[in-house]
Structures are given as C-alpha cells and as structure tokens.
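>>> Any chance you could fold what I've pasted below:
(one chain, ligands or ions: 1)
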Amino acid sequence: MIVHDGRSSLAVGVDVGGTKILAGLISEAGEVLRRMELPTRAGEADPCARIVEAIESLGAEGALPPVRGIGVGTAGQVEWRSGSIRHSSALLPGYTGTPLRQLLEDRFGLPALVDNDVNALAVAELRLGAGRGCRDFICVALGTGVGGAVVSGGRLMRGAWGGAGELGHLSVDRHGPRCICGSRGCLELYASGTGIAAGLKRRLEAAGLPADGADARAAVSGWLAGDDVHAASAVEDALDALGAAAASLAHALNPQRILIGGGVADAGEPFFAALQARFREHAMPSLAAGVELLPAVRGRDSGLIGAALQLWEDGAIGVGSREFS
Ligand SMILES: [Zn+2]
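Numbering: from 1, shown residues only. The predicted model follows:
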C-alpha cells in the first residue's frame, strides 16, 4: 500500500531493462532516497509482475511516505498517452502489448506515467544534467544498441503516439547492410557497441588475423593508442556514421546541443573532438554553427531518476489520466 499525495515532493521511479529492473524513491530534486534492483529474468518471468515486485520491494525497509505517483522508463516503444508497450524487441519476450500504465494504476491506486527509457534519460538531462537551461537538445544513448530522445521547446518531442526519437535507426547508408528494423545502413549498425565490435571483427578477419576478443572496448583503446589500423578504422566508421546522423538531426531539428552518452562516448575528449570534425563535414555551416556536442551526464541511476521526474513535467499526469484522490 502506497499513499497518494498529489502535492508530494516524492515519486517512485522505475527503470526497466532487458537484464535488470531498478526501482527507487526519488525526490523532486532528483535524489535517490531508496533503491532496489531485481534481475528482469526476461523470458522466464512476466516483465509486468517483476516491475510490481520491484516497486513493492521498496516498502521492505518500512512503509513508503506518500508519493505523487509512479514514473516508469522502459525498454521498448511506448504509446505514451495510454502508457502501453507498443513494441518491444526480443530482449523482453511477451512484453509487447502490455497496458503497463493501467496495470500499475489498478494495482497501486496511484497515477502512473510510462515512457521510453531514453526519454526518461532526457528528462534527467533536462532537469539535472547537460540539458539544463537548454530548450532544444537531442540525446543519443550509445550502448548495445543506439537510443535517442528529442527535447524541443523544453519538452520531450513524442510524435503521434510516442515513438519519436528512434535515432539508432536513422539510415546513414541506404546501400548499407540490412538492419533488424528492416532498413539498411542504420546508425546502430556502426555506432553501437555491437556494431563497433562487428566492424573490428570483420576487418581482422579480412586481414587474416585472429578476431577473438574483438569487442568495442578493444576497438576504442586501439583507436586511442593510435597503433592499430583495424581498431582505428572501425571506430572512424562509427564516428563518421555519428557525424552524418548528427548533421541530419541538426538539419531536421535545429538543436542547440546534441548530448551523447555511453559506449564509445566514454572515450571522452578525443571522441568529441573527432566527432565535432565529422559533424562539420556533413552539416550545413549555418545549421552546424553553435551546435554543442557534449557528453550526457548519464550516471548509473539517471534513467531511474528521469523516470520519476516525469511526474513533474507540466500537465503530464493529466494526459489520458483518471482521477486519483
Ligand atoms: Zn535499423
């Protein structure tokens, strides 16, 4: 039992991924006051039942204080108004079609908001991170795949139903290899950890060299050291794909900042310097001028924090909502 108080400065945040689910009690200032972590057990357990378990486990240390509601950031594509899962990859079998918002509101009697996990990250960046004081920015999250979110005029751009920002599937080469999404030459194929590892492996095999241990980390350290042509080539390919995608995003959306986090962006300054050069090669000077390419702050809990902070987005609770006492 969690008590609802629409004026509370606290909310429950949940970050749902393919391997783990984080739940936390989060303050309006973004502090994590309680935190629990459960393995998702994707494929064995019902993801929704695991989410409920994660939220309930927050009460294990004693009853929770009254909260404003529950905010969820989840893997997959979310129909934002209804808070149901429109599509999820094979990472979370059985999750597609789950009316998650409704299930959580019924189960806990609290307002719930459900959004895509990178949108939740963007909310954390907007309120607490590298997007503070900036009304127009784009987040690109590099990891196993590539996720994205767009903030325009100080608000998340959600599109017709919530699917906006699927930036990993911007095609940067229409003659490129086939992607799982059905298109060709998607950004994710080059710039994700998986993509960089595959690029390095391909180059090593073509040169008749052993490709064991060819992962993204090895590629980035080889590129930074400047003594490995195959690693450098794989990372340069990722940078070029990212530069081209960032230019297209600048042309389409005229952002002030493009925030990039995770994966190869963890290489820091050399990565951003190289990316800046690639971005300027691809972008119209008038639209490239003044665009800042910056690292996302993106800490371990920023998805969790951003998920909860959705509850303070103007008017968000009212969207498609019922009455709560
Ligand atoms: Zn794709």
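
>>> how about the spatially most central residue of the chain, what does it touch?
By C-alpha atoms, centre = their mean, the chain has its centre lying nearest to Val118, at 2.5 Å. Residues counted as contacts of Val118 (C-beta atoms under 8 Å, 6 or more residues apart in numbering) are Gly73, Cys139, Ala141, Gly147, Gly148, Ala149, Gly165. Using the backbone N, CA and C atoms, a C-beta is placed for each residue, glycine as well.

>>> quick one: secondary structure of the second one?
For Cys139, the secondary-structure state derived from DSSP: H, G, I helix; E, B strand; the rest coil is strand.

>>> surely it meets Ala122?
Yes - if you go by C-beta atoms under 8 Å, Cys139 and Ala122 touch, sitting 4.6 Å apart.

>>> which residues are common contacts for those two?
Gly131, Ala149, Val150, Val151.

>>> Out of those residues, give me the one that has the most neighbours.
Greatest neighbour count in the shared contacts of Cys139 and Ala122, by other C-beta atoms under 10 Å, goes to Ala149: 30 neighbours.

>>> Tell me how many other residues surround Leu253.
16.

>>> The shared contacts of Cys139 and Ala122: which two are farthest apart?
Gly131 and Val150 (11.1 Å; C-beta to C-beta).

>>> what residues are shared contacts of these two?
Ala122, Cys139.

>>> Contact partners for Lys283?
For the record, residue 283 is Ala, not Lys. Neighbours of Ala283 in contact, by C-beta under 8 Å, 6+ apart: Ala246, Ala247, Ala250, His251, Val291.

>>> Narrow these to those in helices?
With DSSP state H as the criterion, helices contain Ala246, Ala247, Ala250, His251 from among the contacts of Ala283.

>>> Only whichever of those residues are buried, select them in ChimeraX.
In ChimeraX, this line selects whichever of the ones in helices among the contacts of Ala283 come out buried by 16 or more other C-beta atoms under 10 Å:
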select :246,247,250
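
>>> and the residue in the chain sticking out farthest from the centre, what are its phi and psi?
Here the centre of the chain is the reference, and by C-alpha atoms, centre = their mean the most remote residue is Gly208, at 36.7 Å. The phi/psi pair for Gly208 (degrees, to the nearest 10) reads phi 70, psi 20.
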